[in-house]
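In: pasting the sequence and the predicted coordinates here, then a few questions.
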Amino acid sequence: MCDCVNRGGVYIHVAVCRSKCIYCDFYSEVCHSGFDWERYVKTLVAELELRSCGLSAMREVSLYIGGGTPSLMPVGLLRFLVSEARRIIMSAGSGDVRLTEVTLEVNPDDVTAGNADVWLDAGINRVSMGVQSMNDKELRSIGRRHDAKKVMEAYGILRQRFGNLSLDLMFGLPGQTLESLSSTLDVFTELHPEHISAYSLMYEERTALTRLRDLGRIKETDENLSVAMFEMVNEHLRKAGYMRYEISNYALPGFESRHNSAYWEGVPYVGVGPSAHSFDGRRCRRWNISDIRAYMLAVENGEKCHEEEMLSDKEITEERIMTGLRTAKGIDIVRFENDFGKEARVELLDKAASMLGKGYLKLDYNRLSLTDKGVMLSDDIIVDLF
């Protein structure tokens with residue numbers, strides 16, 4: 001149901017880490033000395049080649065190499081991966097194709113001048129670095145390997161080479177205070193990256209973080225303090241010139257992530273690698289198996305490595321509500337009616353009425369969106385609109 005038929009995204013999942021972050025529930029495996037990087041990369045390329053028919057309608061394509069920890073990949077193989085992905089993307093379309101954004105996720109401890117030079121030469125034009133905090137005690141509390149000094153060193157190397165940098169920030173960390181968060185925000189805004197992602201620490205099932213909390217070794221941040229931290233992040237970044245264009249993402253004007261925006265706008269994207277997800281922009285969602293070895297064997301043997309589902313009309317409508325309200329632009333009510341009918345539009349606005357009255361939602365120029373007050377209650381609000 002996307003009206004952006006010429007746009008698309010390719011996500012490549014590098015499901016390998018040096019060590020597992022205690023809060024992470026994404027699929028990845030700890031890298032060992034005998035890991036066969038060459039086989040893994042060739043499998044990623046082979047899957048993308050097999051999936052190239054899903055790229056045929058795309059004219060403006062973003063490429064995102066995430067993880068896991070893609071910056072662990074030997075630089076020669078990363079160069080090969082980007083080159084092959086570019087070749088496949090460009091040759092899949094029947095007309096002019098532009099690769100608009102090529103993002104690489106990195107950890108500070110993998111950033112060296114030599115690595116960064118190769119990343120740049122390989123065609124990476126946007127780097128996203130997982131920082132989380134500029135307080136060493138807070139970094140240790142969540143098992144991060146780097147410290148604030150390493151962040152500054154890594155950022156300096158990247159800044160000399162790349163014109164589009166994104167930093168990840170987390171709040172609600174164990175032992176974090178408003179004062180320490182403010183100090184981290186001061187450093188972030190002084191560094192002035194083009195993009196900042198700010199996430200509240202989540203206690204997901206089956207993570208080491210949740211086990212530590214349940215054992216009483218870590219205390220979860222009080223809800224009132226978490227709200228105050230979100231408000232601080234929002235205000236601090238706004239004053240520094242950043243616009244919140246999605247619940248957790250802020251950018252200087254013109255530097256919104258094209259790739260992440262595709263997810264929220266219903267643009268088709270192809271995901272390759274173990275556990276990677278894909279969407280055809282209409283009804284079909286698919287996801288790869290979450291097992292590196294089984295994934296490689298399946299692709300090498302020409303066997304199925306994914307599951308898929310066809311979304312119902314109700315699920316498509318709910319998806320539009322959920323993704324639309326994550327963005328600052330919100331839901332385009334006119335487009336919503338065109339896609340789903342007048343009855344669906346009336347039902348949506350009827351359900352939204354009480355939250356509009358309470359100031360959690362706003363309706364401006366036929367766009368329904370969350371207010372700052374409503375963002376912290378977004379999950380509950382979205383469910384109430386289903």
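Out: It's in. Keep in mind the model is a prediction, meaning the values are calculated, not measured.
In: burial count for the residue nearest to residue 247 when sequence neighbours are not counted?
Out: Once flanking residues are discounted, residue 247 sits nearest to residue 326: 5.1 Å by CB to CB, 6 or more residues apart in numbering. For every residue, glycine as well, the C-beta is placed using N, CA and C. For residue 326, the neighbour count with other CB atoms under 10 Å is 21.
In: which pLDDT value goes with residue 326?
Out: The model reports residue 326 with a pLDDT of 92.
In: measure it to residue 222 for me?
Out: In this structure, residue 326 and residue 222 are 25 Å apart, going by CB to CB, to the nearest Å.
In: swap in residue 378?
Out: 19 Å.
In: and what of residue 20?
Out: 27 Å.
In: neighbour count: these two, which is higher?
Out: A direct count of neighbours by other CB under 10 Å for residue 20 and residue 222 places residue 20 higher, at 14 against 10.
In: OK, contacts around the more buried one?
Out: 28, 30, 208 (CB atoms under 8 Å, 6 or more residues apart in numbering).
In: list buried residues within these.
Out: residue 28 (16 or more other CB atoms under 10 Å).
In: so of the contacts of residue 20, which ones are in strands?
Out: Among these, the members falling in strands are residue 30 (criterion: DSSP state E).
In: and which of the contacts of residue 20 is nearest residue 242?
Out: residue 28 (29.2 Å; CB to CB).
In: contacts only, for the closest one.
Out: Residue 28 neighbours (CB under 8 Å, 6+ apart): 15-17, 20, 67-69.
In: buried among these? Make that a ChimeraX selection.
Out: Typed into ChimeraX, the next command selects the buried ones out of the contacts of residue 28 (criterion: 16+ other CB under 10 Å):
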select :15,16,17,67,68,69
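In: what's the closest of the contacts of residue 28 to residue 282?
Out: Using CB to CB, residue 15 is the member of the contacts of residue 28 that lies nearest residue 282, at 27.3 Å.
In: distance check, the closest one against residue 232.
Out: Separation of residue 15 from residue 232 (CB to CB): 34 Å.
In: what is the neighbour count of the closest residue in space to residue 242 that isn't next to it in sequence?
Out: Nearest residue to residue 242 in three dimensions, chain neighbours excluded: residue 250, at 4.0 Å (CB to CB, 6+ apart). Neighbour count of residue 250, defined by other CB under 10 Å: 27.
In: bridging residues for residue 250?
Out: For residue 250, the residues forming beta bridges with it (DSSP bridges) are residue 196, residue 244.
In: residues touching it, list them.
Out: 195-198, 237, 242-244.
In: repeat that with 7 Å
Out: Residue 250 makes contact with 196, 198, 237, 242-244, according to CB atoms under 7 Å, 6 or more residues apart in numbering.
In: give me the residue at the spatial middle of the protein.
Out: What sits nearest the mean C-alpha location of the chain, by CA atoms, centre = their mean, is residue 260, with 5.8 Å.
In: pLDDT weak spots in this protein?
Out: 1-5, 94-95 (pLDDT under 70).
In: repeat the analysis, applying 50 as the threshold.
Out: For the chain, applying pLDDT under 50 flags the ranges 1-3.
In: how is it partitioned into domains?
Out: Annotated domains of the chain cover 7-264, 313-385 [automatic domain parsing].
In: give me the distance from the first one to the chain's centre.
Out: Here domain 7-264 shows a centroid-to-chain-centroid distance of 7 Å under the convention CA atoms, centre = their mean, to the nearest Å.
In: end-to-end on that domain?
Out: Across domain 7-264, the terminal residues are separated by 13 Å (CA to CA, to the nearest Å).
In: pretty sure residue 176 is touching residue 137, no?
Out: No. Counting by CB atoms under 7 Å, residue 176 stays clear of residue 137, with 9.1 Å between them.
In: tell me which of the two has more neighbours.
Out: residue 176 (23 against 13).
In: is the more buried one in a helix, a strand, or coil?
Out: Three-state assignment for residue 176 (DSSP: H, G, I helix; E, B strand; the rest coil): coil.
In: helix/strand/coil for the residue lying closest to it once chain neighbours are set aside?
Out: Of all residues not flanking residue 176 in the chain, residue 138 sits nearest, at 5.5 Å (CB to CB, 6+ apart). Following three-state DSSP, residue 138 is assigned to helix.
In: just give me the neighbour total for residue 138.
Out: Using other CB under 10 Å: residue 138 sits among 22 other residues.
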